[in-house]
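Visitor: need the 3D shape of this:
(4 chains)
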Number of protein chains: 2
Amino acid sequence: MTTTTAPAANGPGTPSRRGRPPKGASTLTRAAIVGATLSLIDDEGVEGVGMRTVARRLGVDAKSLYNYVDGKDDLLDAVAEHILIGLALPEPTGSLAADLRAVGRTFRANTLAHPRAAALVLTRQLDSAAALHPTERLLSMLRAAGCRPAEAVHLLRTLLATVVGTLLREVTEGPTCGEVGPEVERGRRADLEASGMPTLVEAAPHLARFDHDEEFEYTLDLLVTAVTSRVGGTSGTDR
Amino acid sequence: MTTTTAPAANGPGTPSRRGRPPKGASTLTRAAIVGATLSLIDDEGVEGVGMRTVARRLGVDAKSLYNYVDGKDDLLDAVAEHILIGLALPEPTGSLAADLRAVGRTFRANTLAHPRAAALVLTRQLDSAAALHPTERLLSMLRAAGCRPAEAVHLLRTLLATVVGTLLREVTEGPTCGEVGPEVERGRRADLEASGMPTLVEAAPHLARFDHDEEFEYTLDLLVTAVTSRVGGTSGTDR
DNA sequence: ACCTGAACACCGTTCAAGT
DNA sequence: ACCTGAACACCGTTCAAGT
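Guide: Reported below is the predicted structural model:
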């Protein structure tokens, strides 16, 4: 019951263990800490991350982490940045539409490689060079397609917001605001009909179905079409 | 220093205070708890929310809250839902473009009324009737405009993802992934030039500027145009 | 240079004891 | 029916003591 941990029950002659352990088996590194945290997130989600949990994976005391990391927040930022650094953007082909699609798909693939860490990448605001790299790439693509800087920035922001929003709902399991899981089709149809939401009931079969790949492609297509038509179209009319 | 709180220093004859307080001045309610939490979030942000902090605002012990709320998570859900319930959607006019804009603007205004609570509304997945109401509205608008159910659901999801993504970066202060604050224009321009991100440097003045209203309208316009042209355009070609 | 023991000031949550 | 005292099992983080 209350036999949690014997506080200091070493042998009588044993001096209390302090200082660095005798043999240096596991040289601790910032990279190792980030790696352990990421694999912990993969296994248990972001909520499972704690200084003590991460440290346990490395066979180390939690407080040791503070020699390499500024705190929990800094650690989570580091994880997000690590994922972002792994992003290998494809070479531009010169076709704006094709290149926008390629960047979108690459970003998605990279993010979904660690689904439970995705919210970190999508939500935390990072200003490192790694985070800025995709921005630079998108901007240069838009500029090369004839976009003036002001509109390029507008389009950049719209593109990022849409991709982030789409991936976010892809990654948060369960029904996101306005989303409907299969339970609507099953048990709750009666509730819905009583609530006076006929269109929702009518669309229930489609709402229950959710093919992430198809959904992403649909949104990407809508967006790329809109962007390219705007870039190729009227080039004056600033205000 | 260590004189934090005297543990049980009532008068010698005073029996330890237990049970409900003598006078019922503040009848505790779930609604009151939600209200206190929301105003706490307005003042101190979501990170300032704790059972003890909320309870203090109500002049009550933290554990009393558990009589009305299932726990901290349930409390935060309730706050998000409360904001969503306040959403008063405008009457449809019959013009899909105008009505989409109206819904978008209403949703934005409602969300930004409590900026620091916005992430809750945008991030938490709610499946209450209140959360489903905007979905029903959007679906019925799309259907009325001649959209088949399958495509209406696609468009609904694209619309929601875009609005959520846009509002999310509007609400998270600081530079979101691919965002650049004014500090880029000031001190870090040299770093950027050295990093080989010329387009970013070129666009820095525009990146530093961020008019939320204008940004939202731009994205909304792009999106509404894309949606209406898709609805009004080809109506066959399912696959 | 780096790791840990002890400690601090917190958490969310339970449960029985009270009224 | 509802509120609280005492308590539990956690947190992130500090700092000096050690090697």
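Visitor: C-alpha only now, for contacts and for neighbours.
Guide: Noted.
Visitor: can you pull the pLDDT of A:Ala130?
Guide: Note on A:Ala130: pLDDT of 84.
Visitor: name the helices or strands packed onto the longest helix that chain A contains?
Guide: Longest helix in chain A, counting residues (DSSP state H): helix A:149-171. Judged by 3 or more CA pairs under 8 Å, 6 or more residues apart in numbering or on different chains; DSSP states H and E, the packing partners of helix A:149-171 are helix A:96-112, helix A:118-123, helix A:129-144, helix A:212-232, helix B:149-171, helix B:198-208, helix B:212-232.
Visitor: tell me how far that helix lies from the chain's centre.
Guide: 14 Å (CA atoms, centre = their mean, to the nearest Å).
Visitor: swap in stretch A:49-67?
Guide: Centre to centre, stretch against its chain (CA atoms, centre = their mean), the figure for stretch A:49-67 is 23 Å.
Visitor: domain-wise, how is chain A divided?
Guide: A:25-84, A:93-231 (automatic domain parsing).
Visitor: worst-scoring helix or strand of chain A, pLDDT-wise?
Guide: The weakest-scoring helix or strand in chain A, judged by mean pLDDT, DSSP states H and E, is helix A:182-185 (a mean of 49).
Visitor: what helix or strand is A:Asp127 located in?
Guide: If you go by DSSP states H and E, A:Asp127 is not part of any helix or strand.
Visitor: neighbours of it, just the number please.
Guide: 19 (other CA atoms under 10 Å in any protein chain shown).
Visitor: find me the pLDDT at it, would you?
Guide: 80.
Visitor: phi and psi next, for it.
Guide: Dihedral pair for A:Asp127: phi -120, psi 20, per degrees, to the nearest 10.
Visitor: got a list of what A:Asp99 touches?
Guide: With contacts taken as CA atoms under 8 Å, 6 or more residues apart in numbering or on different chains, A:Asp99 has the following neighbours: A:Pro92, A:Thr93, A:Met141.
Visitor: any idea how far chain B is from the residue nearest the centre of chain A?
Guide: For chain A, A:Ala118 is the residue whose C-alpha lies nearest the centre (CA atoms, centre = their mean; 2.1 Å). Taking CA to the nearest CA, to the nearest Å as the measure, A:Ala118 falls 13 Å from chain B.
Visitor: surely that residue touches A:Arg108?
Guide: No: assessed by CA atoms under 8 Å, A:Ala118 is found out of contact with A:Arg108, at 9.6 Å.
Visitor: in this structure A:Asp42 contacts A:His114, no?
Guide: Yes: between A:Asp42 and A:His114 there is a contact at 6.3 Å, judged by CA under 8 Å.
Visitor: the more surrounded of these two?
Guide: Taking other CA under 10 Å, A:Asp42 and A:His114 do not tie; A:His114 has more neighbours (19 against 16).
Visitor: tell me the confidence at that one?
Guide: 98.
Visitor: and it, how far is that from DNA strand C?
Guide: Distance, A:His114 to DNA strand C, by CA to the nearest atom of the strand, to the nearest Å: 27 Å.
Visitor: quick one: contacts for the closest residue to A:Ser128 other than its chain neighbours?
Guide: Nearest residue to A:Ser128 in three dimensions, chain neighbours excluded: A:Glu81, at 7.8 Å (CA to CA, 6 or more residues apart in numbering or on different chains). By CA under 8 Å, 6+ apart, the residues touching A:Glu81 are A:Val121, A:Leu126, A:Ser128, A:Ala130, A:Ala131.
Visitor: and for the fourth one, the neighbour number?
Guide: Here the neighbour count serves as a burial measure; for A:Ala130 (other CA under 10 Å) it reads 18.
Visitor: ok, it touching A:Leu84?
Guide: Yes: assessed by CA under 8 Å, A:Ala130 is found in contact with A:Leu84 at 6.4 Å.
Visitor: ok so, going back, most surrounded residue in the contacts of A:Asp99?
Guide: Counting by other CA under 10 Å, top hit in these: A:Met141 with 22 neighbours.
Visitor: returning to that earlier point: just the buried ones from the contacts of A:Glu81, in PyMOL syntax?
Guide: Here is the PyMOL command that selects the buried residues among the contacts of A:Glu81 (16 or more other CA atoms under 10 Å in any protein chain shown):
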select buried, chain A and resi 121+126+130+131
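Visitor: Serialize the contacts of A:Glu81 to a markdown table and add fields for distance to A:Pro149.
Guide: Formatted as a markdown table, the contacts of A:Glu81 follow (distance: CA to CA, whole Å):
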| residue | distance to A:Pro149 |
| --- | --- |
| A:Val121 | 26 |
| A:Leu126 | 22 |
| A:Ser128 | 22 |
| A:Ala130 | 22 |
| A:Ala131 | 20 |
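Visitor: run a quick neighbour tally on A:Asp43.
Guide: Using other CA under 10 Å, A:Asp43 has 12 neighbouring residues.
Visitor: what does the helix or strand that it is a member of rub up against?
Guide: Using DSSP H and E, A:Asp43 maps to helix A:30-44. Identification of contacts with helix A:30-44 by CA under 8 Å, 6+ apart yields A:47-49, A:54-55, A:57-58, A:65, A:68-69, A:75, A:78-79, A:82, A:114-117.
Visitor: please check the residues you listed and keep the buried ones.
Guide: Looks like these have A:49, A:54-55, A:58, A:65, A:69, A:75, A:78-79, A:82, A:114-117 buried, using 16+ other CA under 10 Å.
Visitor: so which of the residues you listed is the closest to B:Arg209?
Guide: Lowest distance from B:Arg209 to the buried ones among the contacts of helix A:30-44 (CA to CA) belongs to A:Ala78, with 27.1 Å.
Visitor: follow-up on the earlier one: of the contacts of helix A:30-44, which belong to helices?
Guide: Here DSSP H is the test, and the contacts of helix A:30-44 give A:Val54, A:Ala55, A:Arg57, A:Leu75, A:Ala78, A:Val79, A:His82 as lying in helices.
Visitor: those residues into JSON lines, with extra columns for pLDDT?
Guide: Below are the ones in helices among the contacts of helix A:30-44 laid out as JSON lines (pLDDT from 0 to 100):
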{"residue": "A:Val54", "pLDDT": "98"}
{"residue": "A:Ala55", "pLDDT": "97"}
{"residue": "A:Arg57", "pLDDT": "96"}
{"residue": "A:Leu75", "pLDDT": "98"}
{"residue": "A:Ala78", "pLDDT": "97"}
{"residue": "A:Val79", "pLDDT": "98"}
{"residue": "A:His82", "pLDDT": "97"}
